[in-house]
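In: Just need the structure, nothing else, for what follows:
(chains A and B)
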2 protein chains.
Amino acid sequence: MKLLVVFAHPEERSFNKSLLDTYVKHLEAQGHEVKVSDLYKQKFKAIVDRDDFENLEKDARLQVAYASYGAYAAKKLTKDVLDEMDKLAWADSVIFHYPTWWFSMPAMLKGWFDRVFACGYAYGVGEYNDKRFGDRYGEGVFAGKKAMVITTVGGSPDQYSDRGINGQIDNVLFTVNHGLLFYTGFDVLPPVVIYQTDGRKEEGFNEAVSEVTKRLDSFDSTKPINYRKQNFGDYEIPSLRLKEGLEKPGETGYSIHVAKN
Amino acid sequence: MKLLVVFAHPEERSFNKSLLDTYVKHLEAQGHEVKVSDLYKQKFKAIVDRDDFENLEKDARLQVAYASYGAYAAKKLTKDVLDEMDKLAWADSVIFHYPTWWFSMPAMLKGWFDRVFACGYAYGVGEYNDKRFGDRYGEGVFAGKKAMVITTVGGSPDQYSDRGINGQIDNVLFTVNHGLLFYTGFDVLPPVVIYQTDGRKEEGFNEAVSEVTKRLDSFDSTKPINYRKQNFGDYEIPSLRLKEGLEKPGETGYSIHVAKN
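Out: Presented below is the predicted three-dimensional model:
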């Protein structure tokens, strides 16, 4: 495969960076092509501001979505963003690899999404009519590509279980897997979550390596999360409410957006 | 009240900044004291890196939680972070005001949390024994203070409703309200969500002002979200799984962590 890894961690000798290096070597040895966007190493600019939009007039009010749409259409986005788009276009598969901090991604990676997932490119695309509400949730620029999250968390599996106080891990990751990745058209594979990472020694590191490589070795045969597509009959247009009766009896919350068959 | 507003938007003439200015004026006219951390205006450094930890030895591996813990204990955190902590200590109430981008906060604000919510201050505090699992979820540095989110979203109320494709808004905000704010001890008031903000004209702006001021005028009498406290009997220690039978029959997902009585 042609794999892009978008990676965010500030330390070259971290658990996560060592894990990255190990699985990249493993994949390359198998003949896969791998590119890595190492955001800290690239000193990626993570904060959206008016410098992002070269064609925005000096005195114009910055409305981020409109400015992004205009700059993308006029091919006036900055080179660092265009470089990331090129890598995304090249890849057939993308891994987002980051430590979970405060139940979400580091600001560095959030800023990558804020800037690279431009309007007219990753959202605000497609037709809006009585049958469709844009190319979103199952359609979009990344249709035909696969994505997967690899993330480390401090808590235990119990704490992220169905009854765990942190919330079930699939819910914690919903705004990423569904809101960012499925939204933009990716087939989203179940995430690899490395629990209780802090203080792991060599044995714990090796366990993580083996967990990740096992998942990468079966990448092609892994079924994506069965999120319901937006424009294929499950949702009312334009309210985008799930039609009555599609969920399991009594089912509520995020899980109603995952088809069970 | 003594209110701190932590605000993140890149444009001085934005809907959000105008809204902020309007309600700050309204509150001050009533005799409340207000401080604003306007993160873009402050050019707040949003990216965690080794420059944050002045006492970390040059060649030491950066482990963020440990470095944060050490720097906080040694009073060696950077001045910008200490200034934010001073404002938080001063305030009895804190509003987090931001546009929702990709179902979460702008990188600028996420980075504020990544840096200001230091280990030993906002997490990694309190005793761990067979009765307690630290001061978290209902206890912590911000106990006795109130917090509330004000956020704008592009989607409609339907799209964020119980059956809406974006997920129910309380779920979308769970990792903020529960994972960041309740976790660190705040009483968390229900959020103010301004829907379909893009393209609002003066009338739409005035509606938002009236929605926000109404909520601010009843701030003192508004009941916090009834999240279950961690160390008061609802959860097994240390698995932190909700004890059986506390949720409504059939209830699943994040909502089991909100007590219904």
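In: now the helices for the stretch 101-250 of chain A?
Out: A:107-116, A:169-172, A:174-176, A:202-217 (DSSP state H, counting those that start in this stretch).
In: okay, the last one in PDB with CA atoms only?
Out: C-alpha atoms of helix A:202-217 as PDB (Å, rounded to 0.1, in the frame of the first residue of the first chain):
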ATOM      1  CA  GLU A 202      10.600  -2.700  27.100                       C
ATOM      2  CA  GLU A 203       8.100  -5.600  27.500                       C
ATOM      3  CA  GLY A 204       5.200  -3.200  27.400                       C
ATOM      4  CA  PHE A 205       6.700  -1.500  24.400                       C
ATOM      5  CA  ASN A 206       7.100  -4.800  22.600                       C
ATOM      6  CA  GLU A 207       3.500  -5.700  23.400                       C
ATOM      7  CA  ALA A 208       2.400  -2.400  21.700                       C
ATOM      8  CA  VAL A 209       4.600  -3.200  18.700                       C
ATOM      9  CA  SER A 210       3.100  -6.600  18.300                       C
ATOM     10  CA  GLU A 211      -0.500  -5.200  18.700                       C
ATOM     11  CA  VAL A 212       0.100  -2.600  16.000                       C
ATOM     12  CA  THR A 213       2.000  -4.800  13.500                       C
ATOM     13  CA  LYS A 214      -0.700  -7.500  13.800                       C
ATOM     14  CA  ARG A 215      -3.300  -4.900  12.900                       C
ATOM     15  CA  LEU A 216      -1.200  -3.600  10.000                       C
ATOM     16  CA  ASP A 217      -0.600  -7.100   8.700                       C
END
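In: closest point of chain A to chain B, which residue?
Out: Of all residues in chain A, the one sitting closest to chain B is A:G253 (2.8 Å; C-beta to the nearest C-beta). (Glycine included, C-beta is placed from N, CA and C.)
In: my guess is that residue meets B:Q168, correct?
Out: Yes. Contact criterion C-beta atoms under 8 Å: A:G253 and B:Q168 qualify, at 7.2 Å.
In: circling back: adding mean pLDDT, mean neighbour count and distance to B:P191, write the helices of the stretch 101-250 of chain A out as JSON lines.
Out: Shown next, in JSON lines, are the helices of the stretch 101-250 of chain A (pLDDT from 0 to 100; neighbours: other C-beta atoms under 10 Å in any protein chain shown; distance: least, C-beta to C-beta, whole Å):
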{"stretch": "helix A:107-116", "mean pLDDT": "98", "mean neighbour count": "25", "distance to B:P191": "19"}
{"stretch": "helix A:169-172", "mean pLDDT": "98", "mean neighbour count": "22", "distance to B:P191": "18"}
{"stretch": "helix A:174-176", "mean pLDDT": "98", "mean neighbour count": "26", "distance to B:P191": "15"}
{"stretch": "helix A:202-217", "mean pLDDT": "97", "mean neighbour count": "15", "distance to B:P191": "36"}
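In: could you dump the ones you listed to a markdown table with distance to A:T100?
Out: Shown next, in a markdown table, are the helices of the stretch 101-250 of chain A (distance: least, C-beta to C-beta, whole Å):
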| stretch | distance to A:T100 |
| --- | --- |
| helix A:107-116 | 11 |
| helix A:169-172 | 8 |
| helix A:174-176 | 10 |
| helix A:202-217 | 14 |
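In: coming back round to it: look up how far A:N166 lies from the residue nearest to the residue of chain A closest to chain B when sequence neighbours are not counted.
Out: Excluding its sequence neighbours, the residue lying closest to A:G253 (C-beta to C-beta, 6 or more residues apart in numbering or on different chains) is B:G253, at 2.8 Å. Using C-beta to C-beta, to the nearest Å, we find B:G253 at a distance of 13 Å from A:N166.
In: repeat for A:S221
Out: Distance from A:S221 to A:N166, by C-beta to C-beta: 30 Å.
In: ditto for A:K146
Out: 27 Å.
In: ok, now A:L4?
Out: 29 Å.
In: try A:V81
Out: 33 Å.
In: more neighbours, these two?
Out: It is A:N166, of A:V81 and A:N166, that has more neighbours when counted by other C-beta atoms under 10 Å in any protein chain shown, with 24 against 21.
In: Could you pull up the residues touching the more buried one?
Out: A:N166 sits next to A:F103, A:G155, A:Q159, A:Y160, A:V172, B:G179, B:L240 when contact means C-beta atoms under 8 Å, 6 or more residues apart in numbering or on different chains.
In: again, only using 10 Å
Out: Residues counted as contacts of A:N166 (C-beta atoms under 10 Å, 6 or more residues apart in numbering or on different chains) are A:100, A:103, A:153-156, A:158-160, A:172, B:137, B:175, B:178-179, B:183, B:240, B:257.
In: Now which of those residues would you call buried?
Out: Neighbour counting by 16 or more other C-beta atoms under 10 Å in any protein chain shown classes A:100, A:103, A:153-155, A:158-160, A:172, B:137, B:175, B:178-179, B:183, B:240, B:257 among the contacts of A:N166 as buried.
In: B:F15: which of the residues you listed is nearest?
Out: B:T175 (24.3 Å; C-beta to C-beta).
In: Might one say that the closest one is in contact with A:G179?
Out: No. Taking contacts as C-beta atoms under 10 Å, B:T175 lies outside contact range of A:G179: 11.7 Å.
In: What mean pLDDT does stretch A:45-59 get?
Out: Mean pLDDT, stretch A:45-59: 95.
In: how about that stretch, does it reach chain B?
Out: Yes. Judged by C-beta under 10 Å from any C-beta of the partner chain, stretch A:45-59 comes into contact with chain B through A:K45, A:A46, A:I47, A:V48, A:D49, A:R50, A:D51, A:D52.
In: list residues touching both of A:G253 and B:Q168?
Out: Shared contacts of A:G253 and B:Q168 (C-beta under 10 Å, 6+ apart): B:D162, B:F174, B:G253, B:Y254, B:S255.
In: what pLDDT does the third one get?
Out: What the model reports for B:G253 is a pLDDT of 93.
In: can you tell me which residues contact it?
Out: A:162, A:167-168, A:170-171, A:174, A:251-256, B:168, B:171, B:174, B:247.
In: A:L173 contacts A:P191, doesn't it?
Out: Yes. Contact status for A:L173 versus A:P191: in contact at 5.7 Å, counting by C-beta under 10 Å.
In: In terms of neighbours, single out the busier of the two.
Out: A:L173 (27 against 20).
In: what's near enough to touch the more buried one?
Out: Counting by C-beta under 10 Å, 6+ apart, A:L173 touches A:100, A:103-105, A:149, A:151, A:160, A:167, A:179, A:181, A:188, A:190-191, A:193, A:225, A:254, B:175.
In: switch the cut-off to 8 Å
Out: Shown in contact with A:L173 (C-beta under 8 Å, 6+ apart): A:V149, A:T151, A:P191.
In: In strands, which of those residues appear?
Out: If you go by DSSP state E, those have A:V149, A:T151 in strands.
In: Apart from its neighbours in sequence, what residue is nearest A:P238?
Out: Distance criterion C-beta to C-beta, 6+ apart; nearest residue to A:P238, sequence neighbours excluded, is A:F133 at 5.4 Å.
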